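> Build me a model:
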Amino acid sequence: MDDQTETIIGLIGVVTILAVGTLGVYGFASGYLLESAGTLFVPTIATLAVAAVFVGALVGLGARSKRWRQNPYW
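Prediction:
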């Protein structure tokens, strides 16, 4: 692949991630912030917190790894 193809693929990836994030924020805002969530609000916030801690832990473990760029794929 040439540099232009990699740039286009990267741009498509970034736009896709932004679109999914935007839809997620919109869904959360319309479902929980604008309407009363009632009894499901606390479990939802707890689930989001646990997911954020889990993803952060995985990122931390991956960033501290000494082999993360030694894979022949890179």
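> Quick one: distance of the longest helix anywhere in the chain to the chain centre.
Counting by DSSP state H, the longest helix found in the chain is helix 3-28. The chain centre lies 11 Å from the centre of helix 3-28; the measure is C-alpha atoms, centre = their mean, to the nearest Å.
> Next secondary structure after that helix?
As assigned by DSSP states H and E, the chain's next helix or strand after helix 3-28 is helix 41-64.
> next one: that next one to chain centre, how far?
Helix 41-64 sits 10 Å away from the centroid of its parent chain (C-alpha atoms, centre = their mean).
> which secondary element of this protein has the worst mean pLDDT?
Every helix and strand in the chain was compared by mean pLDDT, DSSP states H and E; the lowest is helix 41-64, with a mean of 85.
> for stretch 52-66, the distance to its chain's centre please.
Offset of stretch 52-66 from its chain centre (C-alpha atoms, centre = their mean): 13 Å.
> quick one: buried residues of it?
Within stretch 52-66, no residue is scored as buried using 16 or more other C-beta atoms under 10 Å. The C-beta positions use only the backbone N, C-alpha and C, and glycine is treated the same way.
> now the angle from the longest helix of the chain to helix 41-64?
Interaxial angle of helix 3-28 relative to helix 41-64 (axes from the mean of the first three to the mean of the last three C-alpha atoms, to 10 degrees): 160 degrees.
> I'd like the average pLDDT over helix 3-28.
Helix 3-28 carries an average pLDDT of 88.
> In terms of secondary structure, what does it contact?
Applying 3 or more C-beta pairs under 8 Å, 6 or more residues apart in numbering; DSSP states H and E, one finds that helix 3-28 contacts no other helix or strand.
> Please parse the chain into its domains.
The chain breaks down by automatic domain parsing into domains covering 1-35, 39-74.
> can you tell me which residues contact residue 60?
By C-beta atoms under 8 Å, 6 or more residues apart in numbering, the contact list for residue 60 is empty.
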